[in-house]
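Asks: Any chance you could fold what I've pasted below:
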Amino acid sequence: MKDEKLQKALARMGLGSRRQMEEVIKAGRVTVNNGPATIGDRVEQGDEIRVDGRQIKYTAENEKRRRVLAYYKPEGEVCSANDPEGRPTVFERLPKLTHDRWVMVGRLDINSTGLLLFTNDGEMAHRLMHPSSEITREYAVRVLGEVTPDIARTLTSGVMLEDGMAQFEDIKEGGGEGVNKWYHVRLKEGRNREVRRLFESQGLKVSRLLRTRYGSIALPKELRTGRFLELDKKDINTLTDLVSLRPRHGTGLHGAAKEKQERIKSKPLKARRVDSRSDSRPSSAKPKSSGSPASRGSRNTRDRNNKR
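Replies: Here you go, the predicted model:
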């Protein structure tokens, strides 16, 4: 029997969800070995798969090691593989893959910073991003103005935005003085500029936004802007548990790669910034009790998926 169903293979390679791939196959846009594909077809190593005429490099699932990177996005980088305006992208600093590719889990706008996850497992990426998975994202946000108790209740009860209802699962003060104050917020969606738009709905402007957690993964304290760390097997399997994916043999770091990662953790690499504004943890906004918005935002690590 061949290795796996075609729609599953296409989803795993990051082309979309299984349901989306079924629609693509139904539309006659996929061929296998120069013949039209149908839903349920099985494929194996060596098959020639094309989508809209473009050949897709197929790697059997049992031969592919699942990998996940945690990247600290600096301000000024675009969350895209290519930018028509020539701006730097988050993919430029990632390690190169042979016969594989990195799939980004969620997005941050150009002015936002913090944790971005990348994986070579397209199905995993899709499930982590899909609203039905209800994966919690946490952010440290510096706001111009005061979030009063009434505003906080409104933001956690729900606000009608142009694309539907939205709300924070939680909002807490994070320190700061004067008109610039930090807050820590959690939500289970990743709509475009959702955090900023929620605050704007209350007449408040976000001046800094830092993602501190995605699901069970917190922004590593030893990670500097513009750098990445590769997650180990335990952290990856925790993520896959959140979205009901079975563990895969060979996942995580091994041998020399694992030793190199441990060296980086013990002696972090210096930050790499796009410009002088990329430092996401300014000392002027650090809460006295915790050291920084990021450290406060990543404190509650026990609740891995924060299902609320």
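
Asks: so what's the residue located most distally from the centre of the chain bridging to?
Replies: The centre of the chain is farthest from one residue, residue 35, which by Cα atoms, centre = their mean lies 36.1 Å away. Judged by DSSP bridges, the bridge partners of residue 35 are residue 32.

Asks: Relative to residue 60, how far out is it?
Replies: In this structure, residue 35 and residue 60 are 20 Å apart, going by Cβ to Cβ, to the nearest Å. For glycine as for every other residue, the C-beta is placed from the backbone atoms N, C-alpha and C.

Asks: For residue 49, see how far away the residue farthest from the centre of the chain is.
Replies: Counting by Cβ to Cβ, the gap from residue 35 to residue 49 is 11 Å.

Asks: Same question for residue 225.
Replies: 38 Å.

Asks: Now do the strands in the stretch 1-150 of the chain.
Replies: 4-5, 30-32, 35-36, 42-43, 49-51, 54-56, 68-73, 103-105, 113-119, 137-144 (DSSP state E, counting those that start in this stretch).

Asks: show me where this structure has helices.
Replies: 6-12, 18-26, 122-129, 149-157, 194-200, 233-242, 255-266, 293-297 (DSSP state H).

Asks: Quick one: residues in contact with the second one.
Replies: Contacts with helix 18-26, where a contact means Cβ atoms under 8 Å, 6 or more residues apart in numbering, come from 6-8, 10-11, 15-16, 30, 37-39, 41, 51, 123.

Asks: Where does pLDDT dip in the protein?
Replies: 1-2, 61-63, 253-261, 263-267, 273, 275-308 (pLDDT under 70).

Asks: quick one on the thing from earlier: CSV for the contacts of helix 18-26, including neighbour count and distance to residue 174?
Replies: Converted to CSV, those look like this (neighbours: other Cβ atoms under 10 Å; distance: Cβ to Cβ, whole Å):
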residue, neighbour count, distance to residue 174
6, 23, 48
7, 25, 44
8, 17, 42
10, 27, 42
11, 24, 38
15, 18, 39
16, 18, 37
30, 23, 48
37, 22, 51
38, 12, 53
39, 14, 49
41, 18, 52
51, 18, 45
123, 24, 35
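
Asks: Show me which pair in those residues is furthest apart.
Replies: 38 and 123 (20.3 Å; Cβ to Cβ).
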